[in-house]
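>>> Provide a 3D model corresponding to the input given below.
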Amino acid sequence: MDFMFYAVPGLIMAVTVFLAVRVIRRALDLRRAWNSGLTAEARCLRTYTTTSGGSGDSSVRTTLHHVYEFTARDGRTIRFEEEGGPGTTVEGDIVVVHYAEGETVKATAQAPGHVRNAASTVGILTFLSVVVVFCVGFMVTYTEAFGDNSFMDDDPSVTKVDEPPSIDDGPYNKVP
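Numbers count the residues shown, from 1 in each chain. Just a heads-up that it's a prediction; the model follows:
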């Protein structure tokens, strides 16, 4: 049963670290695209929304998606999808995209916002760090409260008191 008190927080920490890696990777991709200096005109091919939540007491969250297509400097046609773009961009609109060349082209239609990007990344990573610290604290507290305390037998700072035997120490079926 102790396994559950370590496995569940361990799983939560693993998911949290995975999310942290994704947040950092997205922030670096945006920074790389903005700092590359490469821009192109892209056509919005499609817009659509996705919804989540709405069951029970939770609110409905709607996310707007855009699909863009542009021609890179080397002649390749690049198509990418981006969440959270402006609601005023509709199918057929031409927008400026920033992109970074490479084996896989990373592009964004978001206007450069280094401070906003850094602030949101730090905020999300701070929240994820709090989750990890809480899980570690939970596991340490559980170990101290319910874990194996046999290590105290070998601890020289713990004093042992030799008491004379009590009447309660004997077998229950032999009363003096």
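>>> with adjacent residues omitted, what lies nearest to residue 124?
Distances taken as Cβ to Cβ, 6 or more residues apart in numbering put residue 23 closest to residue 124, at 5.1 Å, once the chain neighbours are dropped. Where you see a C-beta, it was placed from the backbone N, CA and C, and this is true even at glycine.
>>> what about residue 139, distance to residue 132?
Per Cβ to Cβ, to the nearest Å, residue 139 is found 11 Å from residue 132.
>>> SS state for residue 139?
With DSSP: H, G, I helix; E, B strand; the rest coil as the basis, residue 139 sits in helix.
>>> what about it, distance to residue 128?
Applying Cβ to Cβ to residue 139 and residue 128 gives a distance of 17 Å.
>>> do residue 72 as well
From residue 72 to residue 128 the distance is 34 Å (Cβ to Cβ).
>>> so which elements touch the one helix or strand residue 41 maps to?
Applying DSSP states H and E as the criterion places residue 41 in strand 38-53. Under the contact definition 3 or more Cβ pairs under 8 Å, 6 or more residues apart in numbering; DSSP states H and E, strand 38-53 sits against strand 60-71, strand 94-100.
>>> what's the biggest helix in the chain, counting residues?
Counting by DSSP state H, the longest helix found in the chain is helix 2-36.
>>> residues of it that come out buried?
By neighbour count on 16 or more other Cβ atoms under 10 Å, the buried set for helix 2-36 is 5, 9, 13, 16, 20, 23, 26-27, 30-34.
>>> between that helix and strand 38-53, what angle do the directions make?
Relative orientation of helix 2-36 versus strand 38-53 (axes from the mean of the first three to the mean of the last three Cα atoms, to 10 degrees): 150 degrees.
>>> and helix 2-36, how far from the chain's centre?
Offset of helix 2-36 from its chain centre (Cα atoms, centre = their mean, to the nearest Å): 4 Å.
>>> now stretch 94-108
Centroid displacement of stretch 94-108 relative to its chain, using Cα atoms, centre = their mean, is 25 Å.
>>> distance between the ends of that stretch?
Stretch 94-108 has an end-to-end distance of 13 Å (criterion: Cα to Cα, to the nearest Å).
>>> the residue nearest to residue 112 when sequence neighbours are not counted and residue 86, how far apart?
Leaving out its chain neighbours, the residue that sits closest to residue 112 by Cβ to Cβ, 6+ apart is residue 34, at 4.3 Å. Counting by Cβ to Cβ, the gap from residue 34 to residue 86 is 17 Å.
>>> for the most centrally placed residue in the chain, which residues are in contact?
Against the mean C-alpha coordinate of the chain, by Cα atoms, centre = their mean, the closest residue is residue 19 at 2.6 Å. By Cβ atoms under 8 Å, 6 or more residues apart in numbering, residue 19 lies in contact with residue 128.
>>> do you know the pLDDT at it?
Note on residue 19: pLDDT of 97.
>>> cool, thanks, talk later.
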